[in-house]
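J.: Sequence and computational prediction follow.
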Amino acid sequence: MPRELPPLDVLLPLDRAGATLAPEPGEPALHALYAHPEPRPGRPTAVRANMIATLDGSAQGPDGRSRSINGPADWRVFRVMRAVADVVLVGAGTARAEGYTPLTVPADLREARTARGQAPGLELAVVTVSGDLPPGLRGTDRPPHVVVPQACPRIDALRAEVGADRVVVAGAATVDLPRALAALAARGLTRVLAEGGPRLLTDLVQAELVDELCLTSSPVLVGGPGLRAVQGPDWVTPQPARAAHLLHHAGMLLGRWRLGPDA
Ligand SMILES: NC(=O)c1ccc[n+]([C@@H]2O[C@H](COP(=O)([O-])OP(=O)(O)OC[C@H]3O[C@@H](n4cnc5c(N)ncnc54)[C@H](OP(=O)(O)O)[C@@H]3O)[C@@H](O)[C@H]2O)c1
């Protein structure tokens, strides 16, 4: 387990407030707090979104990415959320901006993962119309799933690149996200961790496909033109959220919010 992981204070729920979660091998306490949600009745997948934003709401730092606004507390829960997911779903803009490469589950979290009956490997699925993958996801022996609409000009090239079974075609001009999630579920990938970016998250929220939002507030102000975690040209249908828990370290606030009918 990396040594730099910090302790986390529990602020919510109130009956656990004041407890401190020290880093521990295998992170059993964090696993209990961050168990992946179950699919709602009639849904093939359960979608948890994970984002970080500054106090003034920006999901991007001055470097145009999220790296400049996150920190070790966020990293500590981020690695557990990945370890309990089957697949990370990400927009191609984020995969390119953040330089995504094939994902791995940290060594100290692998045993709990296989004990839950999950496949040892964490899959990645990239949503794109252009079909333009970042260099770190090309020519690798662990290619991502690529989710495209029929309008994608690179479908044949992608099939050659990542394998036909890893190209999910859903929708005509734009990606039909419910169909895409059903296709991932058919591949055994039902626990979906959506890591953004804002455009993909907006589309998921507007389609009411997000069951849970884990949102970290980073104690910094950046002003500027940064995108918010959910941002598009149109308002989304307002979706109430219920706080499931709130953790804290050094001003970083880590919230887990339930969305949907039970919020
Ligand atoms: N703070 C955080 O937690 C966080 C998390 C993630 C990202 N970010 C930041 O957000 C920025 C990127 O924002 P963004 O909104 O552009 O990200 P994004 O949603 O990842 O990327 C947009 C691109 O992804 C594809 N895409 C997204 N939704 C789609 C859909 N429904 N159907 C088809 N394709 C879809 C398209 O790719 P093509 O162009 O290939 O067609 C689109 O141009 C970066 O600066 C990144 O660092 C921050």
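T.: Structure received.

J.: Assign Val90 to one of the three secondary structure states.
T.: Assigned with DSSP: H, G, I helix; E, B strand; the rest coil, Val90 falls in the strand class.

J.: what's near enough to touch it?
T.: Tyr100, Leu124, Ala125, Val126, Val127, Ala194, Glu195, Gly196, Gly197, Leu200 (C-beta atoms under 8 Å, 6 or more residues apart in numbering). All C-beta spots, glycine's among them, are computed from the backbone N, C-alpha and C.

J.: Filtering those residues by proximity to the ligand, which remain?
T.: Among those, the residues within reach of the ligand (C-beta under 6 Å from any ligand atom) are Val127, Glu195, Gly196, Gly197, Leu200.

J.: Format those residues as a markdown table; extra columns: neighbour count and pLDDT.
T.: What follows is the ones next to the ligand among the contacts of Val90, written out as a markdown table (neighbours: other C-beta atoms under 10 Å; pLDDT from 0 to 100):
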| residue | neighbour count | pLDDT |
| --- | --- | --- |
| Val127 | 27 | 98 |
| Glu195 | 25 | 98 |
| Gly196 | 25 | 94 |
| Gly197 | 25 | 96 |
| Leu200 | 24 | 98 |
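
J.: Give me the subset of the residues you listed lying in strands.
T.: Val127 (DSSP state E).

J.: Make JSON lines out of the ones next to the ligand among the contacts of Val90 and add distance to Gly61.
T.: Compiled in JSON lines, those are given as follows (distance: C-beta to C-beta, whole Å):
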{"residue": "Val127", "distance to Gly61": "23"}
{"residue": "Glu195", "distance to Gly61": "16"}
{"residue": "Gly196", "distance to Gly61": "14"}
{"residue": "Gly197", "distance to Gly61": "13"}
{"residue": "Leu200", "distance to Gly61": "19"}
